[in-house]
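Engineer: below are the sequence and a predicted model for it; my questions follow.
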Amino acid sequence: MKIFKNINLDKLKDGLSKTKAKLSNRIHETLIGKAVIDDDVMEDLEEILITSDIGYDTSAQIIENTRTALKSSKDRSYQTVLSVLKKELVELLIPNQNNHTIVKSNAESKPHVILVVGVNGAGKTTTIGKLAYNYKKAGLNVLIGSADTFRAAANEQLEIWANRAGVDIVQRAQGSDPSAVAYDTLNIAKSKNSDIVLIDTAGRLHTKSNLMQELKKISDVLSKVVEYAPHEVYLVIDGNTGQNAIVQAKEFIKITKISGLIVTKLDGTAKGGALFQISDTLNIPIKYIGVGEGIEDLQNFDPVLYVDTILN
């Protein structure tokens with residue numbers, strides 16, 4: 001299946017500038033001018049990682065691996081230590097990038113169905129609009145299903161983003177059965193020979209069991225219309241929420257298989273270090289990151305580029 005590629009290096013640097021200031025600048029200050037990289041320096045580095053939202057356990061493992069790597073190296077210069085740190089951070093992210101929890105899908109079947117979940121305020125609606133724009137830009141026929149029928153403004157907001165993206169949207173009256181909206185959307189998509197279907201869902205608090213049961217019902221209905229649907233389930237999480245994002249994700253994982261994460265609002269926070277803890281804890285690939293409010297500001301997540309940007 002054809003996917004989109006959207007990476008803007010300048011926008012990425014701008015979007016991650018706060019994270020870089022919090023993480024990279026402090027690491028540079030700690031390492032520059034040190035004649036010896038001793039245990040005190042390593043402890044300072046560990047503290048920097050922990051306070052940069054990478055988390056205690058993840059930070060401890062990074063530092064332990066860095067110590068081990070440096071023991072076998074005669075060169076303990078600033079550049080060597082920084083290079084080892086970069087390598088350890090990248091390796092936290094890369095193993096999960098090809099880790100798919102949803103495996104049954106027919107690459108030749110259409111439409112390819114993506115269910116988008118997440119709590120209110122995470123940026124789910126805008127993310128769907130940005131996904132739709134990128135898929136259409138890649139030459140694909142896209143249809144959006146507005147299955148968040150409980151929130152009064154959900155339909156209107158999603159319609160605005162659909163219009164910006166230049167794609168069609170299926171809507172029903174507020175209070176309609178979300179699974180019925182999903183059912184209608186897929187049947188329309190099949191008649192229109194759509195390539196991609198993006199299904200929005202309600203984003204009420206993740207602790208409410210009725211929301212989780214609703215997601216299960218939508219998934220069951222989708223699979224009856226299109227084989228193995230949904231083919232992907234993307235969880236949208238707010239990059240500002242740090243540890244709480246992991247708590248949210250664990251709740252969603254209990255009821256639906258998450259195939260990828262989309263981390264939003266990284267341009268407005270210095271908590272970009274949380275991505276390492278998220279990846280290390282959840283073992284779910286980070287597919288896209290939001291680095292701005294514009295429709296083109298949802299970018300493919302590239303682990304090497306991400307680490308280079310915040311530690312350059």
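Structural biologist: Arrived safely, thanks for sending. Numbering: from 1, shown residues only.

Engineer: and Leu261, helix, strand or coil?
Structural biologist: Secondary structure state of Leu261, per DSSP: H, G, I helix; E, B strand; the rest coil, is strand.

Engineer: correction: Tyr228
Structural biologist: coil.

Engineer: please state the backbone phi and psi of it?
Structural biologist: phi 70, psi 0 (degrees, to the nearest 10).

Engineer: for Lys136, same thing?
Structural biologist: phi -70, psi -40.

Engineer: I'd like the distance from the helix or strand where Ser83 lies to the chain centre, please.
Structural biologist: Ser83 belongs to helix 78-93 when assigned by DSSP states H and E. Chain-centre distance of helix 78-93: 22 Å, with Cα atoms, centre = their mean, to the nearest Å.

Engineer: after it, which helix or strand is next?
Structural biologist: Next along from helix 78-93, by DSSP H and E: strand 112-117.

Engineer: what pairs with that following strand, parallel or antiparallel?
Structural biologist: strand 196-200 (parallel), strand 232-238 (parallel) (DSSP bridges).

Engineer: residues of the last one that come out buried?
Structural biologist: To tie it back to what came earlier, the one meant is strand 232-238. 232-238 (16 or more other Cβ atoms under 10 Å). C-beta coordinates here come from the backbone N, C-alpha and C atoms, glycine included.

Engineer: next one: stretch 265-272
Structural biologist: 265-272.

Engineer: then stretch 172-191?
Structural biologist: 172, 176, 178-179, 181-186, 188-189.

Engineer: mind putting the buried residues of stretch 265-272 into CSV with pLDDT?
Structural biologist: Listed next are these as CSV, based on pLDDT from 0 to 100:
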residue, pLDDT
Lys265, 92
Leu266, 92
Asp267, 91
Gly268, 80
Thr269, 86
Ala270, 86
Lys271, 87
Gly272, 89
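
Engineer: and the lowest-mean-pLDDT helix or strand in the chain, C-alpha only, in CSV?
Structural biologist: When the helices and strands of the chain are scored by mean pLDDT, DSSP states H and E, helix 243-255 comes last with a mean of 83. Included here for helix 243-255 are C-alpha records, laid out as CSV according to Å, rounded to 0.1, in the frame of the first residue of the first chain:
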residue,chain,number,x,y,z
GLN,A,243,3.9,10.1,31.8
ASN,A,244,0.1,10.4,31.5
ALA,A,245,0.3,9.6,27.8
ILE,A,246,1.7,6.2,28.8
VAL,A,247,-1.2,5.7,31.2
GLN,A,248,-3.7,6.6,28.5
ALA,A,249,-2.1,4.3,26.0
LYS,A,250,-2.1,1.3,28.4
GLU,A,251,-5.9,1.8,28.9
PHE,A,252,-6.5,1.8,25.1
ILE,A,253,-4.3,-1.2,24.6
LYS,A,254,-6.6,-3.2,27.0
ILE,A,255,-9.5,-2.9,24.5
